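**Student:** Provided below are the primary sequence and the corresponding predicted coordinates.
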Amino acid sequence: MQNKEKLLEQLKTSIINFEPKDKETILNAVKFAEKCHKDQLRASGEEYIIHPISVALNLINMRADAEMIIAGILHDVVEDSPVTYEEITKIYGEKIANLVDGVTKISKLKASNKSEQNAETIRKMLFAMIKDIRVIIIKFADKLHNMQTLEYLPKEKIKRIANETLDIYAPLAGRIGMGVIKNELENLALKSLKPDIYDIIDDYIVKNEMNIETTLDEITKIIKCKLGKKEIPFAIKSRPKHYYSIYKKMRKYDKKIDEIFDLFGVRIITDTIDNCYFIFGIVHSIWMPIPGRFKDYISSPKHNGYRSLHTTVLVEKRKAVEIQIRTEEMDKVNEYGVAAHWFYKEDSTPKVEDFDWLKNLMEFNKEGLSWEDYYNAIRDDILKEEIYIFTPKGDIIELPKGSTPLDFAFKIHTDVGYRCKGAKANGNIISLNTELNNGDVVDILTGAKPNVKLSWLAYVKTNHAKRKIKYALSQINQESQFAKKKETKEELKEDNKDKNITIEKKTQIKKVKSPKIAVEINGEKNLLFNFAKCCNPSPKDDIIGFVSRGRGIIIHKADCKSLKNIKDFENRKIEVNWTE
Ligand code: MN
């Protein structure tokens, strides 16, 4: 439970360096909000004003300006009291009123199901963001305090809110580069959803803190000793990895916490980029680096602006430590992302062109997708954890985790996707359904003509590539239908001038012709398929599809015995359903 007076004191101290006029308005806003929320209580039983003051304090931590802090204090006033937008404009001006209005609009949702609600939230956040990025940051500050006080809500609500945080808010925070907020939101969600696991991690970290500290002291000493003579300024920060990422590792590798080796990381902060690389060299000369763990996000920054060098070294036999090396400015931007950028620059509004993913989001908006598709597309292509793949020229392409060379090809250019014949990763030929790894250098081999295959649908992970492939397949279908009509006419005319070509067309059409019974494949009708001769399924049988090479999808009875003999069946099976 928070004490109102204490929080207010904290607020006063943290705005001590603000302009006198701003200080006055901030404190005046607290009084105003207190009046508006009079008689209202939080679920915790506390006076409501505790919430807006806490939001303001969160904002101050995020380096927010006076306008944001004031809007943060007023953010629930329009929604929860009779005060109107016009009144706020009158007292605090249009800019602050617009910020409050933006936050209020994100909170007001009329959705009937989860994906519709998630899609709607994202859409609203997006529009708010394009108007004024600061609205999102206030929303994060609000979300953060709500997550910190989640325990007072009914169980069902806790679950829904914590899941929504993991689905939308945390990934979005990561997207705009607010790493600190993303980590904290994820930790809080873990604490609410899996309290037992959270406690196990917490206990372990606390118990091993001494141990960890000794190791870190050692590391610091050694680096200091090596750098001391060179007069390079540096500072070392260290802390355990955030709990949610530890939890994800435990789950991914099915390991207990004492089997996870890099539980904590060291951050070395210096003054210039040159010195970052210099220190990096020193680190590798002292300890043995673990192969494949070096990442240079300085020469190739992440799309959210993140810059740093990463490497993992073995400091003792089984003790691996991740070391991050960066300048002080990078460190600020990495933690507070857009907020830090905006803190340093005059113009606060980001342009859509500055964010590749924002451009993608806008594209989704234009396509008139259903709620379900819209949300799936955003979740899979934009909010999913990302990997960074290099072109042979060294350009960096961002893709969701699990992407294949085909996703990469379509991301480079639709035409490269269509003409893709094969791919190389780090110089070796790989199959088109290979999952790419962070940092791979991928070269797409293309032919002169489009080469789109139905089986590709099972290979790609991004909705972007899927849509392009489906479109190409539908064009091919139309062409073959066109060819069929043309051919019938030709037959009528008995125009057999070029018999060979006609025969070729006939066989083509035979292949494309679908059986009369309709089947839906992955929700998609109008795709090329054939029924397997071995089991010859009929409607009402349980069925399963197999993505063949060159013959489209072969549909078997789900219990067909020959499936066992098909090599690679598990990787190439696809869900199919009878349609009415
Ligand atoms: Mn609120």
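**Tutor:** Cool, got the structure.
**Student:** Now do the domain split for the chain, please.
**Tutor:** 4-192, 202-344, 385-499, 516-580 (automatic domain parsing).
**Student:** closest to Tyr374 out of these?
**Tutor:** Of all the domains of the chain, domain 4-192 sits nearest to Tyr374, with 4.8 Å by Cβ to Cβ. All C-beta atoms are positioned from the backbone trio N, CA, C, and that covers glycine.
**Student:** Quick check: the residue of the stretch 101-250 of the chain nearest the ion.
**Tutor:** Nearest residue of the stretch 101-250 of the chain to the ion: Asp142, at 4.2 Å (Cβ to the ion).
**Student:** Ile136 against Met178, yeah?
**Tutor:** No. The criterion here is Cβ atoms under 8 Å, and Ile136 misses it with Met178 at 9.1 Å.
**Student:** tell me the contacts of the closest residue to the residue of the stretch 101-250 of the chain closest to the ion other than its chain neighbours?
**Tutor:** Closest residue in space to Asp142, ignoring its immediate chain neighbours: Val55 at 5.2 Å, by Cβ to Cβ, 6 or more residues apart in numbering. Residues near Val55 by Cβ atoms under 8 Å, 6 or more residues apart in numbering: Gly72, Ile73, His75, Ile138, Ala141, Asp142, Leu144, His145.
**Student:** Which helix or strand contains Val55?
**Tutor:** Remark: Val55 resides in helix 50-61, with elements defined by DSSP states H and E.
**Student:** Now do the buried residues in that helix.
**Tutor:** Within helix 50-61, the residues scored as buried using 16 or more other Cβ atoms under 10 Å are Ile50, His51, Pro52, Ile53, Ser54, Val55, Ala56, Leu57, Asn58, Leu59, Ile60.
**Student:** Quickly note the distance from the closest residue to the first one other than its chain neighbours to His284.
**Tutor:** Yep, that's Ile50 we're talking about. Closest residue in space to Ile50, ignoring its immediate chain neighbours: Gln2 at 5.1 Å, by Cβ to Cβ, 6+ apart. Counting by Cβ to Cβ, to the nearest Å, the separation of Gln2 from His284 is 47 Å.
**Student:** same check, this time on Glu329
**Tutor:** Applying Cβ to Cβ to Glu329 and His284 gives a distance of 24 Å.
**Student:** sorry, back to before: return the alpha-carbon coordinates of the helix holding Val55 using PDB.
**Tutor:** Extracted in PDB, the C-alpha atoms of helix 50-61 (Å, rounded to 0.1, in the frame of the first residue of the first chain):
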ATOM      1  CA  ILE A  50      -2.500   7.400  -5.600                       C
ATOM      2  CA  HIS A  51      -2.900   6.000  -9.100                       C
ATOM      3  CA  PRO A  52      -2.400   9.200 -11.200                       C
ATOM      4  CA  ILE A  53       0.500  10.300  -8.900                       C
ATOM      5  CA  SER A  54       2.200   6.900  -9.400                       C
ATOM      6  CA  VAL A  55       1.700   7.300 -13.200                       C
ATOM      7  CA  ALA A  56       3.300  10.700 -13.000                       C
ATOM      8  CA  LEU A  57       6.300   9.200 -11.100                       C
ATOM      9  CA  ASN A  58       6.600   6.400 -13.700                       C
ATOM     10  CA  LEU A  59       6.600   9.100 -16.400                       C
ATOM     11  CA  ILE A  60       9.400  11.000 -14.700                       C
ATOM     12  CA  ASN A  61      11.400   7.800 -14.600                       C
END
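**Student:** That one vs the ion: in contact?
**Tutor:** No. Judged by Cβ under 5 Å from the ion, helix 50-61 stays clear of the ion, getting no closer than 5.7 Å.
**Student:** Who are the packing partners of the helix or strand that that helix is followed by?
**Tutor:** Next helix or strand after helix 50-61 toward the C-terminus (DSSP H and E): helix 66-74. For helix 66-74, the packing partners by 3 or more Cβ pairs under 8 Å, 6 or more residues apart in numbering; DSSP states H and E come out as helix 20-36, helix 50-61, helix 85-92, helix 94-107, helix 134-148.
**Student:** Pull out the buried residues from the shortest one.
**Tutor:** When burial is assessed from 16+ other Cβ under 10 Å, helix 85-92 yields the following buried residues: Ile88, Thr89, Tyr92.
**Student:** now the longest one
**Tutor:** Buried residues in helix 20-36, counted by 16+ other Cβ under 10 Å: Lys23, Thr25, Ile26, Leu27, Ala29, Val30, Phe32, Ala33, Glu34, Cys36.
**Student:** circling back: Throw the buried residues of helix 85-92 into TSV and include distance to Gln117 and pLDDT, thanks.
**Tutor:** Output for those, formatted as TSV (distance: Cβ to Cβ, whole Å; pLDDT from 0 to 100):
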residue	distance to Gln117	pLDDT
Ile88	27	94
Thr89	30	95
Tyr92	31	95
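**Student:** Can you tell me which of the residues you listed is nearest Tyr459?
**Tutor:** Ile88 (52.8 Å).
**Student:** Can you pull the residues of this structure lying near the ion?
**Tutor:** So far as Cβ under 5 Å from the ion goes, the chain lies against the ion at Asp76, Asp142.
**Student:** shaky segments in the chain?
**Tutor:** 1, 108-112, 130, 261, 318, 338-369, 479-528, 548-552, 579-580 (pLDDT under 70).
**Student:** buried stuff in the longest helix along it?
**Tutor:** Longest helix in the chain, counting residues (DSSP state H): helix 195-228. Buried residues in helix 195-228, counted by 16+ other Cβ under 10 Å: 197-198, 200-201, 204-205, 208, 212, 215-216, 219-220, 223, 227.
**Student:** for stretch 5-17, same thing?
**Tutor:** Leu7, Leu8, Gln10, Leu11, Ile15.
**Student:** One more: stretch 98-114?
**Tutor:** So for stretch 98-114, counting by 16+ other Cβ under 10 Å, buried means Asn98, Leu99, Val100, Asp101, Gly102, Val103, Thr104, Lys105, Ile106.
**Student:** One more: stretch 401-413?
**Tutor:** Ser403, Thr404, Pro405, Leu406, Asp407, Phe408, Ala409, Phe410, Lys411, Ile412.
**Student:** contacts for it?
**Tutor:** With Cβ under 8 Å, 6+ apart, stretch 401-413 has contacts from 384-387, 389, 391, 397, 399-400, 416-417, 420, 423, 425, 430, 432-436, 442, 444, 456, 459-462, 464-465, 468-469.
**Student:** filter the residues you listed to the buried ones?
**Tutor:** Taking 16+ other Cβ under 10 Å as the criterion, what is buried in the contacts of stretch 401-413 is 384, 386-387, 389, 397, 399-400, 417, 420, 423, 425, 430, 432-434, 436, 442, 444, 456, 459-462, 464-465, 468-469.
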